[in-house]
Every structure is written in C-alpha cells, then in structure tokens.
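In: Sequence and predicted structure, then a few things I'm wondering about:
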Amino acid sequence: MSLLGDITNIFWERNVAGDNWYTELTENNGFGLKGSNLYIAQNHPILTPGILFVSKLFSQAKFTMVNAKTDKVLTEHPLLDLLNAPSNKQTKMDMLESLLFMQIANGVAVIQKKYIIGLEDNINEFVLIDYKDLEFPNDANFDKGDFECTYKAGTDKQKKIKYKDLLFFYDMPSALNDNPTKVKSRIDGLMQTLINTHDSLVAKNIILKSNGKEMLTGTAGSFPMSEDEHKEAQRLFNGKYGLSRTRSRSLVTKADVTWKSLHIALRDLGLDESVKVDGNIIYTALHIPKDILSLEAKKTTYNNFKESITSYIQNEIQSSLDAFCEVINKSMPDKKWKLVGSYDHLPVMQFIKKEKYEAQKIRAEALKAMRDAGIPDDVALKELGFDPTTKLAEIQNEQQNTSQITSTTNLN
C-alpha cells in the first residue's frame, strides 16, 4: 500500500533553509488529463481552439431544398424553418457548431427528434443531447430499433427516449460501429499527445514559480556556520529583490560558503518547441492546413491562405455537411425533396466562382471556333463536354453573362 494513500499527483519542493514538503496538485494544475473526451476537448489549450475553428466554419452552412427528380430549388420549406430554429434553446449556427464539436470529441453526436403532441409526422424540435448520457438496454435490437433508451438529463433526472427518434452523426465511418454503444473518437488516438502538451505547459508553470530561488552550502571540511550566521544568511537571501538603502544582500562569515542560483533557463528545456510539435500533430488530426492555423507563427501569403481555406472547405467541411444532410434526409418521410447544404455564399469562395465562369467562357469560345470551322453541332457539344440536348442559344446567353460577371469581378 502506498504511504501517500490516494495522492498520486504531487510536486516535491525544497527551500534554501533545507525544508522539504510535498504539494498535491489539483486537477486543474496537475500533470495528466482527467475527464471525458468532451471535457478534455473543452479545456485543452490547443485542441479546444482547433475544434472551435472547425465547428464555427461548419456552422456557417446555407441550406436549400432540392427536388430529387427535377433539381428544382426551394428556399422555403418546413425543414428549413426547423433548421433555422431547431429549438427554444439553440439557433441554427449554435446547433451546428455544438454538433460538430461533440461529433469530434465523442466520436458521435446525437440529435433527438421531438414531435408535436399527437402528430408524430410533424417534427417540432431538433434537440442536441450528449451521447455519454445515453444508456442502451442490454437486450437492444439495433436492427429493428423498437426499444427505448434512458437519458440522464441531470443528476437526478432521467427520461425515456425512443431509439427511432435519435439521429446519429459519426466522426468515423459508421460501418466501423456495428454497435452504437461502442464508438471511437479521433481524440482517443491523440490522447498521449494531448497529455504531453498539457504536462509541458504545467511543467513550464512550475519552473517559472520556482525560478529565483537560491541555495547556500558549505564546502567539505570548512568551518561550520554558527546558528546566528545561519539565520542571518537565511534572512538576507529570503528577502525580496527590491531592497531599501538600509538593507543589504551581502554576507560576512568565517565559514566557507558556496552560493548557487536555482534558476533554470526555459529555452534549455525546449518546452515551447515540444508544445509546437505536439500542437501541429493535433491540428493535423483535425485536417487543418498549416497555412490556415499553425503554432509556428510563420507568415503565409494571402494566395496560399485563400487556396488552403477553399480547399479545406471543399474537401473537409463540405463532406461533413453532406454527411449531415444525408442523415437528415434519410430520417424524413418525404423523399420528394432533399436537404442540400453549401458554403458557396462565403466571401472566400467567390474566387472559385470566378474561375468557374472563366472556364465556361473558354468552353463557349471553343464551341464557337469549332462551329465556324464547320464541325457539326452535336460533335462540338460532345467534344467540349456540353449536354447534347443543350440549346445553342442557352450557351450563347451563358457566354454573355459570364463575360459580364468576369469583367465586373476584374474591375472590383
């Protein structure tokens, strides 16, 4: 049995007088990490701002309803109204930001569908709940889904929720989770790195607090200090650095005394470099390019940032949004209309539209050249990737509109 009992997080200190003592570090300033993945994600100096950056970007999505057969677009629909005001406690952006944050932290986010009383086909609210507070029955049949879960809404509150009324949004491929009660988060693989960064910052704080301490020792065989000399030395060197003119740090003694500063240069420990390396590993796990978010404090050009952020939105954030829409669409009874999300409205995405318009202009000009050369219209349309059923008048109008938009963009 350990002599320290349950104390496992301690720090040993010794002063210049030779006194020793142990200090138990609290959960906030001690080594190691405690709590659930969600708690760590909310309280880590590097992981927290990283997930917030991703989540806030995700929350800026714009939704429309598209007809599954005709591609007709609607900007007004009951589902859009529900997403814009999912519940009395959350706005659309708040729900989306919280959803992706929990999805990354826990490995899965859960939304409960609430209905108008007596009308089970009319969803009244989308309520985001913490997956860790859900309890599934031991005999649950997930294929049928005809069972109820227990949700711990508070310390003393519990309620039953139908499994079919829950929407699950996984951070990893859902096929890897044949049992929804066992999910993995990308934070699980980062845990050692998260511990390292946390402990490095704690160690830096401890060193900063201990710096400035000094030690007086006598050499072997020297004349020992008397008790009065010992007390005077301790009084002088324990004093503050800002001394008045009537005080002095000098020490006159017949003993052979050696002075040593306990100051440690932080640069010699390499703690900051270690934190930077581990921090970049964390941002890599979140798929954030260095040109967007980095701990190196290196300057990047605007063009590199612009290309990186648009590529990140298209390849990472858009795919997460598409997965969100697919889960919502699968749960809706009306299959005629499907929910579609996009980030094309963001200012940083506008130059992508410019490139698209310029590419359309080049295609239209190439079509005109091929027609002037006598190449049949159907062959020219096919070679340039146009829909063979497209009317040439539509292409000409598109070319004119593209030229106007490109000219306006260049002027701006």
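Out: Okay, I see it.
In: Helices of the protein, start to end?
Out: Secondary structure of the chain (DSSP state H): helices located at 37-43, 47-58, 78-84, 92-106, 186-210, 227-237, 266-269, 271-285, 302-312, 318-331, 350-372, 377-383, 392-411.
In: do you know which of the ones you listed lies nearest residue 180?
Out: Closest to residue 180 of the helices of the chain is helix 92-106 (C-beta to C-beta; 11.8 Å). Backbone N, C-alpha and C define where each C-beta goes, glycine included.
In: which residues are in contact with that closest one?
Out: Under the contact criterion C-beta atoms under 8 Å, 6 or more residues apart in numbering, helix 92-106 has outside partners 36-38, 40-42, 51-52, 54-56, 58-61, 83-87, 90, 108-109, 111, 126, 128, 130-132, 169-171, 183, 185-187, 286, 320, 324.
In: one step back: what about the helices of the chain, which gets the closest to residue 292?
Out: helix 302-312 (5.2 Å).
In: Buried ones in the closest one, by neighbour count?
Out: For helix 302-312, burial by neighbour count (16 or more other C-beta atoms under 10 Å) applies to 308-310, 312.
In: what does stretch 164-177 give?
Out: Within stretch 164-177, the residues scored as buried using 16+ other C-beta under 10 Å are 165-171, 177.
In: What score does residue 85 have for pLDDT?
Out: The model reports residue 85 with a pLDDT of 92.
In: my read: it touches residue 91, true?
Out: Yes. Assessed by C-beta atoms under 8 Å, residue 85 is found in contact with residue 91 at 7.1 Å.
In: residue contacts, residue 48?
Out: 41-42.
In: Please tell me the pLDDT value assigned to it.
Out: For residue 48, the predicted pLDDT is 92.
In: before we move on, what about residue 230?
Out: 67.
In: what's the answer for residue 147, then?
Out: Looking at residue 147, its pLDDT stands at 91.
In: Residue 117 too?
Out: Looking at residue 117, the pLDDT reads 74.
In: and if you look at residue 128?
Out: 92.
In: what about it, how many neighbours?
Out: 21 (other C-beta atoms under 10 Å).
In: Skipping adjacent residues, who's closest to residue 370 in space?
Out: Nearest residue to residue 370, sequence neighbours excluded (C-beta to C-beta, 6 or more residues apart in numbering): residue 380, at 4.1 Å.
In: show me what contacts the one you found?
Out: 367, 370-371.
In: pull the helix or strand with minimum mean pLDDT from the protein.
Out: helix 392-411 (a mean of 51; mean pLDDT, DSSP states H and E).
In: circling back: highest mean neighbour count out of the helices of the chain?
Out: Greatest average neighbour count among the helices of the chain goes to helix 92-106 (a mean of 22), per mean count of other C-beta atoms under 10 Å.
In: relative orientation of that helix and helix 47-58 in degrees?
Out: Angle of helix 92-106 versus helix 47-58, following axes from the mean of the first three to the mean of the last three C-alpha atoms, to 10 degrees, is 140 degrees.
In: quick one: contacts for the closest residue to residue 318 other than its chain neighbours?
Out: Distance criterion C-beta to C-beta, 6+ apart; nearest residue to residue 318, sequence neighbours excluded, is residue 343 at 6.4 Å. Residues near residue 343 by C-beta under 8 Å, 6+ apart: 60-62, 313, 317-318, 321, 349.
In: In strands only, show me these.
Out: Members of these lying in strands (criterion: DSSP state E): residue 62.
In: Filter the contacts of residue 343 down to just the buried residues.
Out: Using 16+ other C-beta under 10 Å as the burial test, the contacts of residue 343 include 60-61, 313, 317-318, 321, 349 as buried.
In: Turn those residues into JSON lines, including pLDDT and distance to residue 96.
Out: Putting the buried ones among the contacts of residue 343 into JSON lines (pLDDT from 0 to 100; distance: C-beta to C-beta, whole Å) gives the following:
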{"residue": "60", "pLDDT": "95", "distance to residue 96": "8"}
{"residue": "61", "pLDDT": "95", "distance to residue 96": "6"}
{"residue": "313", "pLDDT": "92", "distance to residue 96": "14"}
{"residue": "317", "pLDDT": "94", "distance to residue 96": "11"}
{"residue": "318", "pLDDT": "94", "distance to residue 96": "13"}
{"residue": "321", "pLDDT": "96", "distance to residue 96": "9"}
{"residue": "349", "pLDDT": "80", "distance to residue 96": "18"}
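In: I'd like those written out as JSON lines, with distance to residue 116 added.
Out: Listed next are these as JSON lines, based on distance: C-beta to C-beta, whole Å:
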{"residue": "60", "distance to residue 116": "30"}
{"residue": "61", "distance to residue 116": "26"}
{"residue": "313", "distance to residue 116": "36"}
{"residue": "317", "distance to residue 116": "33"}
{"residue": "318", "distance to residue 116": "33"}
{"residue": "321", "distance to residue 116": "27"}
{"residue": "349", "distance to residue 116": "37"}
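In: Can you give me the domain assignment for the protein?
Out: Per automatic domain parsing, the structural domains of the chain span 35-212+264-342, 347-411.
In: Using JSON lines, please lay out the ones you listed together with distance to residue 227.
Out: JSON lines is the format used below for the domains of the chain (distance: least, C-beta to C-beta, whole Å):
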{"stretch": "domain 35-212+264-342", "distance to residue 227": "26"}
{"stretch": "domain 347-411", "distance to residue 227": "74"}
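In: Comparing these, which yields the minimum mean pLDDT?
Out: Among those, domain 347-411 carries the lowest mean pLDDT (a mean of 68).
In: From the buried residues of stretch 164-177, pick the one nearest residue 76.
Out: Among these, and counting by C-beta to C-beta, the member closest to residue 76 is residue 167, at 23.0 Å.
In: ok, now how distant is that closest one from residue 83?
Out: Taking C-beta to C-beta, to the nearest Å as the criterion, residue 167 is separated from residue 83 by 13 Å.
In: Could you do residue 290 as well?
Out: Separation of residue 290 from residue 83 (C-beta to C-beta) stands at 33 Å.
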